[in-house]
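Student: this one's structure only:
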DNA sequence: GAGTAGTGGAAAGTGCCGCTGTCCATATTT
DNA sequence: AAATATGGACAGCGGCACTTTCCACTACTC
């Protein structure tokens, strides 16, 4: 398969494919002549992966690069794969406009973790984000008890559990590539589902919303 | 208060404040002389709002502008406010690399809605996203039964319910500004919490993840 | 075998976004 | 009087994800 067919079958323009090649997001095809290379199924799948990560997952290309490296590196244990995945999905914490309140917010999160019986790594991206959000909510003057988050947190844990169940395969080795894609897509899916729940509750409780 | 104090107290640089003024994200101060204007608490709060939406909420300036307009427009009913909020938070659906599978994915989502007893508006941003994700998962060959999403969806609905409970105030009128900020921040918070649940489950089930 | 279309590779250019820097006539502070 | 700050206009920048242009060459098409 040459570049034009690759382009046709993926719906990605030739210049963009060349760009991905240059960026080494896509490995070069096997050269057949000075200006002729052969691309295969692997390239098709790779392009599908890149487009899925960017358009559905909303990731930037540096994140995509990281995830591809992780998938490729067979020596990396699955636990490390997930750790990098979780780091990559968490938006990098830009400094928020709430320098105060952060200490209290951190305490709140610690207490929540305790109530849930969770023990995360220190550099958890999610926890950092949660602290910032709570600090902002406090600055807003909306410093509620976090107990109402508990059932949701447990449901989220159950969801993550179900995701990890999918690792089991017929042969012993789990498909690391599929695990990463699933991780990204389920993250997006659960965010979407939560927003749908929000829309639903708004429709139920503020009936004139249908207008 | 003049611009330098506004800058000092918000931590936002003067050029940036000027930029926000130009973009009409920030209303002009009341002029005191040809080159002197007075800014007040309102400007402080507005800048806090903009920075919170962008740095914590991850919104772009056009979304921020939309949300500010919504908050300002007193005539808009609360239901409409939430509707715009939900539309704004949902990432605009870039065309994904899965032209097929979309029909089946739509059916899956319809069935899920039925099981949940939900009835969303046709143009639900969350539903569109969910369809795309399921189509991608199907292309990946990971087309599981969506039943495992049900408890999570119900917990998400309960969370949204709790959020709407916060609308009640001492006087009759709910604070629409606070409602919007809360909507944005709780969206980010629940995404963070879900990722924390994921990290937690990974640590529990793949114990060597601590390395 | 002449003509056209396609190919890989390099380099420069594009459009958008969120600022940032510069300039200037005027005000304020010291 | 000198130094600093202000508001306003406008050009410029850095990052990102491409897109365009050019080239020498190859491969099908008649």
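Tutor: Cool, got the structure. These numbers were taken from a predicted model, which means no experiment stands behind them.

Student: so where do the strands sit in chain A?
Tutor: Under the criterion DSSP state E, chain A contains strands at A:30-33, A:36-38.

Student: what does the shortest one contact?
Tutor: Identification of contacts with strand A:36-38 by CB atoms under 8 Å, 6 or more residues apart in numbering or on different chains yields A:1, A:2, A:3, A:28, A:29, A:30, A:31, A:32. Where C-beta positions appear, they are placed from N, C-alpha and C, glycine not excepted.

Student: please produce JSON lines containing those, extended by distance to residue B:40.
Tutor: Shown next, in JSON lines, are those (distance: CB to CB, whole Å):
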{"residue": "A:1", "distance to residue B:40": "65"}
{"residue": "A:2", "distance to residue B:40": "65"}
{"residue": "A:3", "distance to residue B:40": "60"}
{"residue": "A:28", "distance to residue B:40": "61"}
{"residue": "A:29", "distance to residue B:40": "63"}
{"residue": "A:30", "distance to residue B:40": "67"}
{"residue": "A:31", "distance to residue B:40": "68"}
{"residue": "A:32", "distance to residue B:40": "70"}
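
Student: DNA strand C contacts on chain A?
Tutor: Proximity of chain A to DNA strand C (CB under 7 Å from any atom of the strand) is limited to residues A:2-5, A:14, A:18, A:21-22, A:28-29, A:31, A:35-37, A:39.

Student: just the strands of chain A: most buried one?
Tutor: By mean neighbour count, with neighbours taken as mean count of other CB atoms under 10 Å in any protein chain shown, strand A:36-38 ranks first of those at a mean of 12.

Student: wait, doesn't residue A:50 sit right on residue A:67?
Tutor: No: using CB atoms under 8 Å as the test, residue A:50 is too far from residue A:67 to be in contact (9.7 Å).

Student: now the strands of chain A as TSV including distance to residue A:55 and mean pLDDT?
Tutor: Formatted as TSV, these follow (distance: least, CB to CB, whole Å; pLDDT from 0 to 100):
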stretch	distance to residue A:55	mean pLDDT
strand A:30-33	28	92
strand A:36-38	26	94
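
Student: from residue B:114, how far out is the closest residue to residue A:112 other than its chain neighbours?
Tutor: Counting by CB to CB, 6 or more residues apart in numbering or on different chains, residue A:146 is the residue found nearest to residue A:112 once chain neighbours are left out, at 5.0 Å. From residue A:146 over to residue B:114 the distance is 33 Å, taken as CB to CB, to the nearest Å.

Student: neighbour-wise, which of the two wins?
Tutor: Neighbour count, other CB atoms under 10 Å in any protein chain shown: between residue A:146 and residue B:114, residue A:146 has more, with 18 against 10.

Student: thought the more buried one was touching residue A:113?
Tutor: No: look at residue A:146 against residue A:113 with CB under 8 Å: they stay out of range, at 10.4 Å.

Student: quick one, domains of chain A?
Tutor: The record's domain parsing of chain A by automatic domain parsing lists A:1-56, A:90-148.

Student: quick check, nearest of the contacts of strand A:36-38 to residue B:130?
Tutor: residue A:1 (32.8 Å; CB to CB).

Student: list the contacts of the closest one.
Tutor: By CB under 8 Å, 6+ apart, the residues touching residue A:1 are A:9, A:38, A:39, A:40, A:43, A:44.

Student: report how many residues lie close to the first one.
Tutor: It stands for residue A:9. Other residues lying near residue A:9 total 14 when counted by other CB under 10 Å.
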